[in-house]
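Undergrad: Take a look and give me a structure for this.
(one chain, ligands or ions: 3)
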Amino acid sequence: MALRIRIGTAVYRQGSARVLKACRRVQPSSPHPRAVPAFVAALSPTRKLASSQSFSVAAAARSLSTSSAAVSRNNTAGESVGVSAWVDSDSTIAVRFPDGAVSRFHGIWLRDHCRCPSCFHPVTKQRLIDTSSIPLNIKPAVMTVEQTKLKIEWEADKHQSTVDLDWLRTNSYAPKLPAGPAVAATRPKRLWDASIADKLPVVQYADVMNSEEGLRAWLADIDVYGIGFVDGVPATPKATEELGRRVSFIRETHYGGFWDFSANLEHGDTAYTQLGLPAHTDTTYFTDPIGLQLFHLLEHTGKGGESLYVDGFHVAEKLRETHPWSYNILSTLRMSAHSAGDKNTLIEPSIKFPILNHDPVTNKLYQVRFNNDDRSVFSHLRPTEVKDFYAALKEWTTLVRSPTNELWTQLRPGRAVMVDNWRVLHGRAPFTGHRRLTGCYHNWDDYRSRVSTVLDKKTM
Ligand SMILES: C[N+](C)(C)CCCC[C@H](N)C(=O)O
Ligand SMILES: O=C(O)CCC(=O)C(=O)O
Ligand SMILES: [Fe+2]
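TA: Numbering: from 1, shown residues only. Ligands and ions are numbered 1, 2, ... in the order given. Reported below is the predicted structural model:
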């Protein structure tokens, strides 16, 4: 593949690179111990690039800072695909991607994100380079494009960085570019109301337990709908626990690990009674509320006990549309919560929290954290905020309890359900008789790790 890179007035060609040897060895000032191997490796004259090229650096590269390096690349199809990289007048490195989109990167950002094995541990995926040892104004001496990689030789330490162009585009920030074709389209969330009852997301236990595709289908349901049912589950605690562990290890809490409970007040919580429970999310009193909750009803000799599910994202959207003032109140005023029913137990979150939580970067709703029964005393709000809170709460509760938003379903032995506890509220009708429910909690991050790896094949 013919590669040409024009930097300023000098022209460098692959293979017959005509370069003037004029590099000034830059000695790192008190380098971080681990930075030395990386720095020495970069300086080593015998260090070869992945391809047949070998470089030494010319002073002429200094002219790089103002001129543009136009790189044309003949790809396998023969037509020229314009990928160019140049150092802009503000010293950022601009990259024009195959579709013409341009984004800029600070030299220190690119150097800090170098993925070579001496800067980024190939197994642990951890940074090895000591960021503080990188000059803040580090500049490239030479840049080349080889297939889908941008190669940079850095002026300061002669280190060779290789950056995958798709990776670079995915992680662009100035501006943030729309994902390129190589990035799998993310699965958009599907908000739902009571009508989901006609088409519940259900997978088969055998598929989930015995195949990657089966697990992927279940994870996709939970990711897209916030809820995923599994049929064909043997009506035993063992099979149910194994199903939970298929997603990730279980989160232990003061209720234990895998729970198998009935209305015996084994724990000081109304879940361990025959009372009805209004739609809620669990563990609002933990600083990091649990991410997923698995339920599997094994026995019930009595009446009632139907299960309730409500898509908190759908209800929030309705609130935002119909009562924007209330949406804002529940997105800003912070609540307290506690779990205090067990002996020697009083759990409260380290910081108070809004019921509707938004990502500060994207401003997207990422968590509904609502349990009116577990909401604790609050005396931190201003008097006007107290009134505002209750007014907003009423609008929220009216929507949560609207029959058009409620999915009522009777769980039975054999049908388990996994609920995204940061999105979907759950509840229960009061019941009579003996009712045995099993299940477990999973941490949010452990769940999302499985989505990233099993579903999205994401790597760092
Ligand atoms: C699930 N399990 C039965 C173990 C406990 C239920 C805890 C319910 C508690 N009020 C909360 O909302 O967190
Ligand atoms: O008993 C049920 O169906 C659910 C009870 C509950 O909300 C819980 O266990 O978190
Ligand atoms: Fe609950």
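Undergrad: for ligand 1, what are the nearby residues on this protein?
TA: 255, 259, 261, 269, 271, 280, 282, 283, 371, 374 (C-beta under 6 Å from any ligand atom). Any C-beta I mention is one placed from the backbone N, CA and C, and that applies to glycine too.
Undergrad: burial count for the residue of the stretch 151-300 of the chain found nearest ligand 2?
TA: Using C-beta to the nearest ligand atom, residue 271 is the residue of the stretch 151-300 of the chain that sits closest to ligand 2, at 4.0 Å. Neighbours of residue 271 under the rule other C-beta atoms under 10 Å: 19.
Undergrad: So it: helix, strand or coil?
TA: helix (DSSP: H, G, I helix; E, B strand; the rest coil).
Undergrad: Hmm, residue 262 and it touching each other?
TA: No: using C-beta atoms under 8 Å as the test, residue 271 is too far from residue 262 to be in contact (10.2 Å).
Undergrad: coming back round to it: for the residues of the chain next to ligand 1, which one is nearest residue 176?
TA: Minimum distance to residue 176 across these is 33.5 Å, recorded for residue 283 (C-beta to C-beta).
Undergrad: Could you pull up phi and psi at that closest one?
TA: Residue 283 adopts backbone torsions of phi 50, psi 40, taken as degrees, to the nearest 10.
Undergrad: That one and residue 292 touch, don't they?
TA: No: the criterion here is C-beta under 8 Å, and residue 283 misses it with residue 292 at 11.4 Å.
Undergrad: Common neighbours of these two, please.
TA: 421, 441 (C-beta atoms under 8 Å, 6 or more residues apart in numbering).
Undergrad: Okay, the residue in the stretch 101-250 of the chain positioned nearest to ligand 1 and residue 212: tell me how far apart.
TA: Per C-beta to the nearest ligand atom, residue 250 is where the stretch 101-250 of the chain lies closest to ligand 1, at 11.2 Å. Residue 250 sits 21 Å away from residue 212, going by C-beta to C-beta, to the nearest Å.
Undergrad: Which one's more surrounded, those two?
TA: The residue with more neighbours, out of residue 250 and residue 212 and counting by other C-beta under 10 Å, is residue 250; that gives 20 against 11.
Undergrad: residue contacts, that one?
TA: Contacts for residue 250 (C-beta under 8 Å, 6+ apart) come out as 241, 244, 257, 258, 440, 441, 442.
Undergrad: quick one: secondary structure of it?
TA: coil.
Undergrad: quick one: the strands in the stretch 351-460 of the chain?
TA: 356-358, 365-368, 406-409, 416-420, 424-428, 434-442 (DSSP state E, counting those that start in this stretch).
Undergrad: what's the closest of those to ligand 2?
TA: Nearest to ligand 2, of these and by C-beta to the nearest ligand atom, is strand 424-428 at 3.8 Å.
Undergrad: Let me know the angle separating that closest one from strand 416-420.
TA: 130 degrees (axes from the mean of the first three to the mean of the last three C-alpha atoms, to 10 degrees).
Undergrad: can you offset everything so residue one is 176?
TA: I'll keep to 176 as the first residue from here, and by that count the last item is strand 599-603.
Undergrad: what about dumping the CA coordinates of strand 599-603 to PDB?
TA: What follows is strand 599-603, C-alpha atoms only, in PDB (Å, rounded to 0.1, in the frame of the first residue of the first chain):
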ATOM      1  CA  VAL A 599     -38.700  -0.300  36.400                       C
ATOM      2  CA  LEU A 600     -40.800   0.000  39.600                       C
ATOM      3  CA  HIS A 601     -42.300  -3.200  41.100                       C
ATOM      4  CA  GLY A 602     -45.000  -3.800  43.600                       C
ATOM      5  CA  ARG A 603     -47.500  -6.400  44.800                       C
END
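Undergrad: wait, isn't residue 600 in contact with residue 487?
TA: Yes: if you go by C-beta under 8 Å, residue 600 and residue 487 touch, sitting 5.3 Å apart.
Undergrad: Please settle this for me: is residue 454 part of a helix?
TA: No: the assignment for residue 454 is strand, going by three-state DSSP, so no helix is present there.
Undergrad: how deep is residue 283 tucked in, by neighbour count?
TA: 15.
Undergrad: Now do it, the pLDDT please.
TA: According to the prediction, residue 283 has pLDDT 97.
Undergrad: How about the secondary structure of it?
TA: Reduced to three states by three-state DSSP, residue 283 is helix.
Undergrad: dump the residue contacts of it.
TA: 309, 310, 311, 312, 313.
Undergrad: Repeat the analysis, applying 10 Å as the threshold.
TA: The neighbours of residue 283, taking C-beta atoms under 10 Å, 6 or more residues apart in numbering as the test, are 306, 309, 310, 311, 312, 313, 314.
Undergrad: which one is the fifth one nearest to, not counting chain neighbours?
TA: Take residue 312 and drop its neighbours on the chain: the residue closest to it by C-beta to C-beta, 6 or more residues apart in numbering is residue 266, 6.5 Å away.
Undergrad: how much space between the one you found and residue 284?
TA: In terms of C-beta to C-beta, residue 266 sits 12 Å off from residue 284.
Undergrad: would you list the contacts of residue 283 in a markdown table and tack on neighbour count and distance to residue 509?
TA: Listed next are the contacts of residue 283 as a markdown table, based on neighbours: other C-beta atoms under 10 Å; distance: C-beta to C-beta, whole Å:
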| residue | neighbour count | distance to residue 509 |
| --- | --- | --- |
| 306 | 13 | 34 |
| 309 | 23 | 39 |
| 310 | 16 | 43 |
| 311 | 8 | 38 |
| 312 | 12 | 42 |
| 313 | 21 | 42 |
| 314 | 19 | 46 |
